[in-house]
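S.K.: got a structure for you, letters missing:
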């Protein structure tokens, strides 16, 4: 279903929305915005690149000097399965590296030229990346210059919403969608602090397709707590988001769910097992090792064999930390319950659409979605439920290419993360399922 750039410029506003929490909503001609407070910004104009099966960021025929970083090329990988529906949509998940964090943690980017760290450069590159992929829905994490992005995205026909983290931090989560293709029916902003789960936030947005109101979709966006030692809080945040997503999905007729974000957990971790299997016995694991982040220092990654299937970390089962009643309650929601569950049946789009071992690990996930001087690994995902299926994904970069870069950001990538991009199709029967349940008002 095509959306033309010319018509985006006069795209209508989405319909009325609702939210929870204390956040205020602001509307402009094309923007729906949930914020705590605005930030100063500047407004440059982006350039637009056309999409193709392979994105090249500079002339591939130009001879590359020996000291020039390797070329950044990302390929679209198609699913082996036939499309269940002609109605498709593309979702981006991208931790764009907050401007404040980029300079607060400058030690993480010692190999990155200072000019590549400046927000003016990164903003231009990030927006060129996103616009070039022509996505329908964009989920961003670590956003502290939201109004800089709005000034660009609204010109391309996107409406947007933003939720800033609580506490002293200034970044948050932002979501953009093509106002010509999707209409926002309901929005919910989650402040985890209200539930004793730190200052992180998340967003849930319920959309319907403008040209087919029977097609509805719930999209979640989260930036999970970083702290590797607080696996209990990480589990609690994901458990709560999944529960709220399930409630909203049922309210609107069991609509399909896509959860995007930086989950600060690796594919080898117990956290990943919880997301993919819907339950986890926390007493089998040390809460300090639940996320798997401690095993991803670049020195560790580059010194081991590329084939890591035989080294899947089962040691967590034998490193049982001492869980307090309070930590158990934070993780599971009940101090007397040692099994944490979530109600969604989720699969990862990148694990579903297979690629080569140059970019993927033993379970199909990317080998790396984030790279700086102290971390090289995967923490970003696009999860989906029944009702939609991934038809293609934009593959990540091989580890040897990342190693040649020395770290992110770089000239062609505006963050220390790689964006995940997946095209989905509605599964057969989704339309009928959406129509079976009447709307609750």
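M.R.: On my side now, so go ahead. Here the structure is a predicted model, which means the values were calculated and not measured.

S.K.: quick check: which ranges of the stretch 301-441 of the chain have low pLDDT?
M.R.: Low-confidence regions of the stretch 301-441 of the chain, defined by pLDDT under 70, span residues 304-321, 429-441.

S.K.: and the strands in it?
M.R.: Ranges of strands within the stretch 301-441 of the chain are 339-341, 347-348, 370-372, 375-377, 380-384, 388-394, 420-426, based on DSSP state E, counting those that start in this stretch.

S.K.: same question, the stretch 1-150 of the chain
M.R.: Using DSSP E, counting those that start in this stretch, strands in the stretch 1-150 of the chain cover 24-27, 32-35, 54-56, 73-78, 88-95, 137-143.

S.K.: now residue 144: how far from residue 232?
M.R.: Residue 144 is 27 Å from residue 232, where distance means CB to CB, to the nearest Å. Yep, even glycine has a C-beta here, placed from its N, CA and C like the rest.

S.K.: of the two, who's got more company?
M.R.: A count of neighbours by other CB atoms under 10 Å puts residue 232 above the other of residue 144 and residue 232, at 25 against 22.

S.K.: was I right to think that one contacts residue 287?
M.R.: Yes - Residue 232 is within contact range of residue 287, at 5.1 Å (criterion: CB atoms under 8 Å).

S.K.: what touches both of the two?
M.R.: Residues touching both residue 232 and residue 287 by CB atoms under 8 Å, 6 or more residues apart in numbering: 323, 327, 331.

S.K.: max-length helix in the chain?
M.R.: helix 231-251 (DSSP state H).

S.K.: what ranges do the helices span in the stretch 101-250 of the chain?
M.R.: For the stretch 101-250 of the chain, the helices defined by DSSP state H, counting those that start in this stretch cover 114-117, 119-133, 146-153, 231-251.

S.K.: same question for the stretch 251-400 of the chain.
M.R.: Secondary structure of the stretch 251-400 of the chain (DSSP H, counting those that start in this stretch): helices at 270-277, 298-303, 325-332, 349-352, 399-405.

S.K.: okay if I get these as TSV plus mean neighbour count?
M.R.: Shown next, in TSV, are the helices of the stretch 251-400 of the chain (neighbours: other CB atoms under 10 Å):
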stretch	mean neighbour count
helix 270-277	21
helix 298-303	14
helix 325-332	19
helix 349-352	24
helix 399-405	17
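
S.K.: format the ones you listed as CSV; extra columns: distance to residue 92.
M.R.: Formatted as CSV, the helices of the stretch 251-400 of the chain follow (distance: least, CB to CB, whole Å):
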stretch, distance to residue 92
helix 270-277, 19
helix 298-303, 25
helix 325-332, 30
helix 349-352, 12
helix 399-405, 20
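
S.K.: of all those, which lies closest to residue 260?
M.R.: Checking the helices of the stretch 251-400 of the chain against residue 260 by CB to CB gives helix 349-352 as the closest, at 9.7 Å.

S.K.: re earlier: closest to residue 379 out of the helices of the stretch 251-400 of the chain?
M.R.: Residue 379 lies closest to helix 270-277 among these, at 9.7 Å (CB to CB).

S.K.: hang on, the earlier thing: got the helices of the stretch 101-250 of the chain as CSV, with distance to residue 273 and mean pLDDT columns?
M.R.: CSV is the format used below for those (distance: least, CB to CB, whole Å; pLDDT from 0 to 100):
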stretch, distance to residue 273, mean pLDDT
helix 114-117, 35, 97
helix 119-133, 30, 98
helix 146-153, 34, 97
helix 231-251, 11, 98
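
S.K.: out of these, which gets nearest to residue 418?
M.R.: helix 119-133 (9.6 Å).

S.K.: which elements pack onto that closest one?
M.R.: Contacts defined by 3 or more CB pairs under 8 Å, 6 or more residues apart in numbering; DSSP states H and E place helix 119-133 against strand 88-95, helix 99-104, helix 146-153.

S.K.: which one, of these, ends up nearest to residue 276?
M.R.: With CB to CB as the measure, strand 88-95 is the member of the helices and strands packed on helix 119-133 nearest residue 276 (16.5 Å).

S.K.: note down every partner strand of the closest one and its orientation.
M.R.: Looking at strand 88-95 with DSSP bridges, its partner strands are strand 137-143 (parallel), strand 420-426 (antiparallel).

S.K.: who's in contact with the first one?
M.R.: Taking contacts as CB under 8 Å, 6+ apart, the residues outside strand 137-143 that touch it are 89-98, 101, 130, 149, 153, 158, 162, 171-178, 182, 203, 207, 219, 221-223, 258, 260-262.

S.K.: between it and helix 146-153, how big is the angle?
M.R.: With axes from the mean of the first three to the mean of the last three CA atoms, to 10 degrees defining the directions, strand 137-143 sits at 150 degrees from helix 146-153.

S.K.: average model confidence for strand 137-143?
M.R.: Averaged across strand 137-143, the pLDDT comes to 99.

S.K.: report the inter-axis angle for it versus helix 119-133.
M.R.: Using the same axes, to 10 degrees, the inter-axis angle of strand 137-143 relative to helix 119-133 is 160 degrees.

S.K.: now do the last one
M.R.: Taking the same axes, to 10 degrees, one finds that strand 420-426 is oriented at 30 degrees with respect to helix 119-133.

S.K.: for strand 420-426, buried residues please.
M.R.: For strand 420-426, burial by neighbour count (16 or more other CB atoms under 10 Å) applies to 420, 421, 422, 423, 424, 425, 426.
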